[in-house]
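Enquirer: Got a predicted model here, sequence first, then my questions.
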Amino acid sequence: MQPEAHTDREYVEAFRALAARIAASLAGGPATALPVHMYVAGGAALHFYTGSRVSADIDAVFSRRVALPEGLETAWRDESGRARLLYFDTQYNDTFGLMHEDAHDDSLPLSLEGIDSTVLDVRLLTPLDLAVSKLGRFSSQDQDDIAALARKGLITAGVLTERATEALAAYVGNVARLRGNIAAAARLVASAVGEGRD
């Protein structure tokens, strides 16, 4: 997919610049190790899908262990002219949040000018898996993000419940809170798109 018209052009360029630095650091690696897949979640993925809020960080994991270059941050200006900073979050980890086991396989390629996908294959979690990933923490920001995906017609309550329940089957421990979050998210999505109204 290509960045759509609803995205902030300067934000996309900042994102592309950081991805280019990562790609450049990989280019000299052995051909058998390439491409490295970069799976993007969080506010960055949300912005590409909805054009809503921009995040100060990029949450992503890779298909291989990657020695990231230093200085993965860049300044940019938003539509109002305000100076912003975008950085790659080297502390992000997707193993503790709710994530479907097929989320990486089902992710969608993001085409960015100047990024060779045979070196760095940038991929976005699908809107559905992005919503599922927000059910572990389920903060007010996560709820707003899920509602934004619903209003864009990218997820429905039933499909979200099914995918999240499938994801939950791979987890151990007390999952009662997660089950409650799934049910609350389904109500949130239904409300956001006006489902279930007379």
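Expert: All right, it came through fine.
Enquirer: Look up phi and psi at the residue positioned nearest the centre of the chain.
Expert: What sits nearest the mean C-alpha location of the chain, by Cα atoms, centre = their mean, is Ala41, with 1.8 Å. Torsion angles at Ala41 (phi, psi; degrees, to the nearest 10) stand at phi -130, psi -160.
Enquirer: And for Leu86?
Expert: Note on Leu86: its backbone torsions stand at phi -120, psi 130 [degrees, to the nearest 10].
Enquirer: Please report the distance of Ser133 from Tyr171.
Expert: 13 Å (Cβ to Cβ, to the nearest Å). Where C-beta positions appear, they are placed from N, C-alpha and C, glycine not excepted.
Enquirer: swap in Asp106?
Expert: For Asp106, the distance to Tyr171 equals 19 Å [Cβ to Cβ].
Enquirer: and if you look at Tyr92?
Expert: Here the distance between Tyr92 and Tyr171 works out to 19 Å (Cβ to Cβ).
Enquirer: now swap in Leu135 and tell me
Expert: 11 Å.
Enquirer: all helices for this structure, in order.
Expert: Using DSSP state H, the helices found in the chain span residues 9-26, 42-50, 103-106, 127-133, 140-151, 157-168, 176-193.
Enquirer: residues of the shortest one that come out buried?
Expert: Along helix 103-106, the positions that meet the burial threshold by neighbour count (16 or more other Cβ atoms under 10 Å) are 103-104.
Enquirer: And the fifth one, by the same measure?
Expert: Buried residues in helix 140-151, defined by neighbour count with 16+ other Cβ under 10 Å: 142-143, 145-150.
Enquirer: Over to the last one?
Expert: When burial is assessed from 16+ other Cβ under 10 Å, helix 176-193 yields the following buried residues: 178, 181-182, 185-186, 188-190, 192-193.
Enquirer: So among these, where is pLDDT lowest?
Expert: Among the buried residues of helix 176-193, Val193 has the lowest pLDDT, at 86.
Enquirer: per-residue confidence for the spatially closest residue to Glu13 that is not a sequence neighbour?
Expert: Spatial nearest neighbour of Glu13, chain neighbours left out: Trp76 (6.8 Å); criterion: Cβ to Cβ, 6 or more residues apart in numbering. Here, the pLDDT recorded for Trp76 equals 97.
Enquirer: and what of Gly196?
Expert: 43.
Enquirer: cool, and Phe96?
Expert: With respect to pLDDT, Phe96 scores 81.
Enquirer: Sweet, I'm off.
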